Structures are given as structure tokens and as C-alpha cells.
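Asker: Quick one, what's the 3D model for this:
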Amino acid sequence: MSRIGYIRVSTEHQETARQQEIMDSYEVDRIFSEKISGANADRPQLKAMLDYVREGDTLYLCHPFPVLL
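Answerer: Numbering: from 1, shown residues only. The predicted structure follows:
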């Protein structure tokens, strides 16, 4: 079982450092990260994370889940 993290910020100008620190505190095994608007339905790292995660894994998000939709 793995701990999987997903980090997303909306623009290239935003930093992921705060979210990265949170993921580090959770000691996640793998982090998927992208700088892309939530309005964009084509999110390669989100798709990669969903393909990677397996039953029994724990998923860590820095935003409420509806933000991902």
C-alpha cells in the first residue's frame, strides 16, 4: 500500500512549495503535480495519478475534492 499525493495550482505563476511541504509531512511515496487551471479538463498528471493508484493506497489532496472535478 502506497501513499499517493496530488498537487495542483491554477497557473504557472503559482508555487507548489506549500503543498509540497504538506505532502512531505504526510511522507507520501509518490507525488503527482501540475500547474494547470481546474477549468481545463485535460489534466495529464491527474489522469496519471488515477491510473497509478491501486486499491488499498491512500490518496492525499491539498484541496477539497470538488476542486478536482
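
Asker: I'd guessed Asp57 sits against Ser2; true?
Answerer: Yes - using Cβ atoms under 8 Å as the test, Asp57 is close enough to Ser2 to be in contact (4.8 Å). C-beta here means a position set from N, CA and C on the backbone, and glycine is covered the same way.

Asker: Any idea which helix or strand in the protein has the lowest mean pLDDT?
Answerer: Every helix and strand in the chain was compared by mean pLDDT, DSSP states H and E; the lowest is helix 17-26, with a mean of 90.

Asker: what's the next helix or strand after that one in contact with?
Answerer: Remark: after helix 17-26, the chain's next helix or strand is strand 30-35, criterion DSSP states H and E. Strand 30-35 is contacted from outside by 2-12, 14, 16, 19-20, 23, 43-46, 48-49, 52, using Cβ atoms under 8 Å, 6 or more residues apart in numbering.

Asker: Okay, and which of those residues map to helices?
Answerer: Cross-referencing the contacts of strand 30-35 against helices under DSSP state H gives 19-20, 23, 44-46, 48-49, 52.

Asker: Buried residues in the least confident helix or strand of the chain, which are they?
Answerer: The neighbour-count check on helix 17-26 (16 or more other Cβ atoms under 10 Å) flags 19, 23 as buried.

Asker: shaky segments in the protein?
Answerer: Within the chain, the ranges that satisfy pLDDT under 70 run 63-69.

Asker: Find the nearest non-adjacent residue to Arg8, please.
Answerer: Distances taken as Cβ to Cβ, 6 or more residues apart in numbering place Glu34 nearest to Arg8, at 5.5 Å, with adjacent residues excluded.
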